[in-house]
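S.K.: how does the following fold in three dimensions:
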Amino acid sequence: MSGTLKTLINGGLKIYLRPLHCTRVVRSKNEAQHGAVTDNGGYTQQLLDDPYWEDLPSPPDVRPMYTETRGDTAPRSPHSEGKRLSRKDSASFLKPEVSLSRLQATDSIISIVFGLKRLAWAHVDRTLTVRDWQQHEWVHLVRGKQHADLYLEDVCSAVSQFPAADIYILEKSSLSSQNASMFPVTLHLRIVEAMLYALLNPGYIAEQAPHRVFSMGRTIVGKHFDIMVGGAKTSGVDLVQRLVEEATTTERPRIQFTEDLIFQYKHRLHPRGQNRNEEMCDALLQAIAFYELTGKPDT
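M.R.: Residues are numbered from 1 along each chain as shown. Have a look, this model is predicted:
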């Protein structure tokens, strides 16, 4: 019926059409001959008699590409494992979903924290030994030039300094998207986060490789170290200073450093003015929390 919205079910994929002369669309000429199509003047029959319809291939079966969820169609990623992991087997503190067994098999990770002025990272292995711990100052972004090419240049400059690692853990900020005054900050963090996901996942599309980049909530780290105040994670600088000091004074420290780097790190963590190395400290705490939440590291 002209002007009436009808639904065509094509192998499970719902397509909404506005047909001109018929109540629904047919899959083949035989279907029309059995009364599947009605019109007001035989125009549909004229179309079916056209040679074009004889050579028209059957619609593809799209059912394997879609799964029904609450009446809606949702695409199934080629990277998915076919079924959701149970809560016992999944690392619920990370997004996207990943199995604990895969995380426990990693040799090293790079923990990444970024803000408005800089990006910091900590390269930590399964023995909780810090192999690298640095920060990169934004060159273009602190000047208020939020152009896509400048974001790419700054983020690529930071990524080029990363050592090789099995997976990358990004801090997920807890800023509310409903706070209009914080929108520029939230936008900046999301842009950097998206670029890191793309740059550090080179085989995700080309080779359909599993994710190597995961996000970890800032509050998860805060709760793990009990440094939460009023639902927000507070500064971890003092805690990290204590952990670095214990690395040289206790027999079984919570975190270890190579001998050639311990003096450098102790010197850098003595804050002067507003330079408290917040991002560096947060990156280290995030790495420690990751290993302690995935299971006791091998020693």
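S.K.: please enumerate the helices of the stretch 51-200 of the chain.
M.R.: 51-55, 100-104, 148-159, 183-199 (DSSP state H, counting those that start in this stretch).
S.K.: for the longest one, packing partners?
M.R.: Where contact means 3 or more Cβ pairs under 8 Å, 6 or more residues apart in numbering; DSSP states H and E, helix 183-199 is packed against strand 108-114, helix 148-159, strand 167-172, strand 213-217. Backbone N, C-alpha and C define where each C-beta goes, glycine included.
S.K.: ok, 10 Å please
M.R.: Counting contacts by 3 or more Cβ pairs under 10 Å, 6 or more residues apart in numbering; DSSP states H and E, helix 183-199 is packed against strand 108-114, helix 148-159, strand 167-172, helix 203-206, strand 213-217.
S.K.: so what touches that helix?
M.R.: 96, 112, 114-116, 119, 138, 141, 144, 146, 148, 151-152, 154-156, 158-160, 162, 168, 170-173, 175-177, 179-180, 182, 204-205, 211-215 (Cβ atoms under 10 Å, 6 or more residues apart in numbering).
S.K.: coming back round to it: mean pLDDT lowest for which of the helices of the stretch 51-200 of the chain?
M.R.: Lowest mean pLDDT of these: helix 51-55, a mean of 51.
S.K.: thinking again about what came up before, of all the helices of the stretch 51-200 of the chain, which one is nearest Arg254?
M.R.: helix 100-104 (18.7 Å; Cβ to Cβ).
S.K.: buried set for the closest one?
M.R.: Within helix 100-104, the residues scored as buried using 16 or more other Cβ atoms under 10 Å are Leu100, Leu103.
S.K.: what's the answer for stretch 119-137, then?
M.R.: Those would be 119-126, 128-130, 132-136, for stretch 119-137 by 16+ other Cβ under 10 Å.
S.K.: hang on, the earlier thing: now the buried members of the contacts of helix 183-199.
M.R.: 112, 114-115, 119, 138, 141, 151, 154-155, 158-159, 162, 168, 170-173, 204, 211-215.
S.K.: what sits against Ile227?
M.R.: Ile227 sits next to Val221, Lys233, Thr234, Ser235, Gly236, Asp238, Leu239, Leu285 when contact means Cβ under 10 Å, 6+ apart.
S.K.: the fifth one contacts Val244, doesn't it?
M.R.: Pointing back at Gly236 there. No. Between Gly236 and Val244 there is no contact under Cβ atoms under 10 Å: 11.8 Å.
S.K.: can you check which residues contact both of those two?
M.R.: Common neighbours of Gly236 and Val244 (Cβ under 10 Å, 6+ apart) are Cys281, Leu284.
S.K.: any idea which element Gln286 lies in?
M.R.: helix 278-294 (DSSP states H and E).
S.K.: would you mark the buried spots in that helix?
M.R.: Applying 16+ other Cβ under 10 Å to helix 278-294 flags 278-291, 293-294 as buried.
S.K.: related to what we said a few turns ago, which of the buried residues of stretch 119-137 sits closest to Glu251?
M.R.: Looking across the buried residues of stretch 119-137 and measuring by Cβ to Cβ, the closest to Glu251 is Leu128, at 14.4 Å.
S.K.: for the contacts of Ile227, work out which two are farthest apart.
M.R.: Largest separation among those by Cβ to Cβ: Val221 and Asp238, giving 14.9 Å.
S.K.: so for the helix holding Gln286, what's the average pLDDT?
M.R.: Helix 278-294 carries an average pLDDT of 95.
S.K.: strand 167-172 and that helix, what's the angle between them?
M.R.: 120 degrees (axes from the mean of the first three to the mean of the last three Cα atoms, to 10 degrees).
S.K.: Val221 and Asp238: which is more packed in?
M.R.: The residue with more neighbours, out of Val221 and Asp238, is Val221; 27 against 14, by other Cβ atoms under 10 Å.
S.K.: what sits against that one?
M.R.: Applying Cβ under 10 Å, 6+ apart, the residues contacting Val221 are 93, 111, 113, 171-172, 227-228, 233, 236, 282-283, 285-290, 293.
S.K.: state the helix or strand in which it lies.
M.R.: Val221 belongs to helix 218-224 when assigned by DSSP H and E.
S.K.: so after that helix, what's the next helix or strand?
M.R.: strand 228-229.
S.K.: partner strands of that following strand, parallel or antiparallel?
M.R.: Using DSSP bridges, strand 228-229 pairs in its sheet with strand 232-233 (antiparallel).
S.K.: show me where pLDDT drops low in this protein?
M.R.: Applying pLDDT under 70 to the chain flags the ranges 1-89, 143-145, 177, 270-275, 296-299.
S.K.: care to break it down by domain?
M.R.: 6-75, 94-294 (automatic domain parsing).
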